[in-house]
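Trainee: With the sequence up front, the predicted model follows.
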Amino acid sequence: MRRHCSCIVSVCALAAAFVASAAGQDPRLARLPPEAQAPVGALVDSARAAGLPAEPLVQRALEGATKQAPGDFIVAAVQRLAIDLGRARDALGSSASPAELSAGAAALRAGASPAVLTKLRRARRQPVTMPLAVLTDLVASGVPMDSAAAAVLTLAARAGDADLVEFRRAVERDIALGAPPGTAAAAAAADAAATAAVQVNARAREQRPGRP
Amino acid sequence: MSEHDEDVIERVVSELRRPVQIDPAVDTRVMEEIARLPVRRGHGGLRAARVAWRWLARPRAISLSPLAGLGIAAVFAALVLALSGRWPGPPSAPPGERATREFQFVVVEPHAARVSLVGDFNDWDAARTPMRRMQGGSVWSAVVPLRPGRYRYAFLVDGRRWLADPTAPAARDDEFGTPSSVVTVGSS
Amino acid sequence: MGIDKVETSDADLVRRVLDGDTRAYAGLVARYRDRLGRYAMHMLGNREDAEEALQDAFVRGYRSLARCYEPERFGAWLYGILVNRCRTTGARATRRGRLFVRDEGALNGFAHPSGAERTEWEDAVHRALARLGPEYREAFLLKHVEDLEYETMARLTGAGVSALKMRVKRAREQLQVILREAERV
């Protein structure tokens, strides 16, 4: 009887351990260098436990794996992203979507202050994913963060996502033509703010399918 | 106008008619921009009906005998009545499709044997999204459905060379030593 | 069967795009890029603006393709969009020019097909064209360089046939005067 009970207990314990480890580890992480699998798995788990999106962390790790980066580089990159996602959540609020948090993390990494993220959230009823992305992209094009933030905040309240993309392209074009990046951003923002309402309506009409 | 003047105009026109070579990268930029638009759904029969309607409705000058004219007018009126009764409205997108949009990624690589698109949307798996050669042989293309969000991506050429997308914003934090690009999908 | 294997008509490509094959639009772009680009270059006078207007026209063409009711005349239909884009781009470029200092010399280069230096005559022609008012330049290019019929031009530009004939006539007269002056110098 006793042998029977201990056998059942062992089997149950093994099963529980197996289930626990299977649930904790994303199978995709098996692609990582062996030394990175456990640390990255732990980072992903604690992010999840903190209510942060895990998928961006997994994707950052997989990027490193595909690019054959050393294990410690991958761990460091995932750690940085996890911290940035947490800061983005602090600035944008707990109702922020995973897309907004990813964009917010990128903006913070580009040098935006948390205050800019918070102002953006307050200024705009629609999701802030695109304004944050445009902010980051402008800085990548050479626009100083202050100018980029000022321009995006000007547009955030009324411009739709498509208008913001158009604005970013206009700035990139003007920079390519020789304009100082800060001036380009300010000029394009003034342009876009003036025409945002008209363009939004026109685009909505054009994109509706099948209207003669 | 003198003969000399006519000659000048002819020479001007001849000069202006000379072929002008536009940078073929315009094609890539156009397709790239189009890729960011909502994907077009097939129209099929709806379009045929609309084209027929416009053909019928456009005024044309024709000469007819009065009798033939009356007969044709009667047929025309009957067709107009029939078509307007069954005029279909525009197709509406099903609820599921509002969440994702298909994006086309395009890159010019004239000498590559194979090109893969890798990014946050396909687990950076080089086998998941092989790109297809388009007309001409230098342009590669892949279409991917994307939900709103921000995605890092790059092109992997012949399994060993990494390429960022020259027409897209650069990914700012290049942490692994190779270039990447970013695409942001909005919700509106 | 891909579009690179068979010479497909404009109408077929348009229909394929409307049926969901976005890639077929690349065939139309490749087919019309240089021809439309030539008009944009002559109309706007510099490569940057011309390529911007051209790109814009192609994208708008795609977005409103459902309104191309005669797909076999896609080219002429696209011209209408390009004419419009050139008007807008031209106006915007003038405004932008006031904000930044641009190197006009660097920007106004034309790619000479043979790679040789531009001759004086080529320079004179382009300068003369640039001195025409935009409406006259537009009418002259559409009639004499793009070989469009007046009826087609009327549809594209929104102007009447007689007004267009007058503009073409004035454009010819002005070009002659300008070039005669240039020859004398």
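Mentor: The structure has been received and is ready for your questions.

Trainee: going forward, measure contacts and count neighbours with C-alpha atoms only.
Mentor: OK.

Trainee: Could you tell me the end-to-end distance of stretch A:44-61?
Mentor: 10 Å (C-alpha to C-alpha, to the nearest Å).

Trainee: For the chain, which residues score under the pLDDT cut-off?
Mentor: Answering for chain A, as no chain was given. Flagging of chain A using pLDDT under 70 yields the residue ranges A:1-24, A:195-212.

Trainee: that answer is for a different chain, and I need it for chain C
Mentor: Those would be C:1-7, C:91-118, C:185, if you go by pLDDT under 70 across chain C.

Trainee: how many other residues sit next to the residue in chain B that chain A sits nearest to?
Mentor: Residue nearest to chain A within chain B (C-alpha to the nearest C-alpha): B:G149, separated by 4.5 Å. B:G149 has 21 neighbours, counted by other C-alpha atoms under 10 Å in any protein chain shown.

Trainee: what about it, distance to A:G104?
Mentor: Distance from B:G149 to A:G104, by C-alpha to C-alpha: 11 Å.

Trainee: residues shared between the contacts of these two?
Mentor: Common neighbours of B:G149 and A:G104 (criterion: C-alpha atoms under 8 Å, 6 or more residues apart in numbering or on different chains): A:T129.

Trainee: how about B:F155, secondary structure?
Mentor: Following DSSP: H, G, I helix; E, B strand; the rest coil, the label given to B:F155 is strand.

Trainee: what about B:L16, distance to chain C?
Mentor: In this view, B:L16 and chain C are 7 Å apart by C-alpha to the nearest C-alpha, to the nearest Å.

Trainee: for A:R87, that is, sorry about that
Mentor: 38 Å.

Trainee: Based on its surroundings, how many neighbours for that residue?
Mentor: For A:R87, the count of nearby residues is 17 (other C-alpha under 10 Å).

Trainee: Spit out the contact partners of it.
Mentor: A:R87 makes contact with A:105, A:114, according to C-alpha under 8 Å, 6+ apart.

Trainee: Next, it: phi, psi?
Mentor: phi -70, psi -40 (degrees, to the nearest 10).

Trainee: Repeat that for B:D23.
Mentor: For B:D23, the backbone dihedrals (degrees, to the nearest 10) come out as phi -60, psi 120.

Trainee: and it, how many neighbours?
Mentor: B:D23 has 14 neighbouring residues, counting by other C-alpha under 10 Å.

Trainee: quick one: it from chain C, how far?
Mentor: Distance, B:D23 to chain C, by C-alpha to the nearest C-alpha: 8 Å.

Trainee: on that earlier part again, skipping adjacent residues, who's closest to the residue of chain B closest to chain A in space?
Mentor: Using C-alpha to C-alpha, 6 or more residues apart in numbering or on different chains and skipping the chain neighbours, the partner closest in space to B:G149 is A:A99 (4.5 Å).

Trainee: the bottom helix or strand of chain B by mean pLDDT?
Mentor: Counting by mean pLDDT, DSSP states H and E, chain B has its least confident helix or strand at helix B:45-57, which shows a mean of 57.

Trainee: Can you give me the neighbour number for the closest residue to chain B within chain C?
Mentor: Chain B sits closest to C:D19 of chain C, with a gap of 3.7 Å, by C-alpha to the nearest C-alpha. For C:D19, the count of nearby residues is 16 (other C-alpha under 10 Å).

Trainee: again with C:E138
Mentor: Neighbour count for C:E138, taken as other C-alpha under 10 Å: 26.

Trainee: Next up, the contacts around it.
Mentor: Shown in contact with C:E138 (C-alpha under 8 Å, 6+ apart): C:43, C:83.

Trainee: and with 10 Å instead?
Mentor: By C-alpha atoms under 10 Å, 6 or more residues apart in numbering or on different chains, the residues touching C:E138 are C:39-40, C:42-44, C:83, C:86-87, C:129, C:132, C:153, C:157, C:164, C:167-168, C:171.

Trainee: and it, how far is that from C:G45?
Mentor: As judged by C-alpha to C-alpha, C:E138 and C:G45 stand 12 Å apart.

Trainee: residues shared between the contacts of the two?
Mentor: Counting by C-alpha under 10 Å, 6+ apart, the common neighbours of C:E138 and C:G45 are C:39, C:129.
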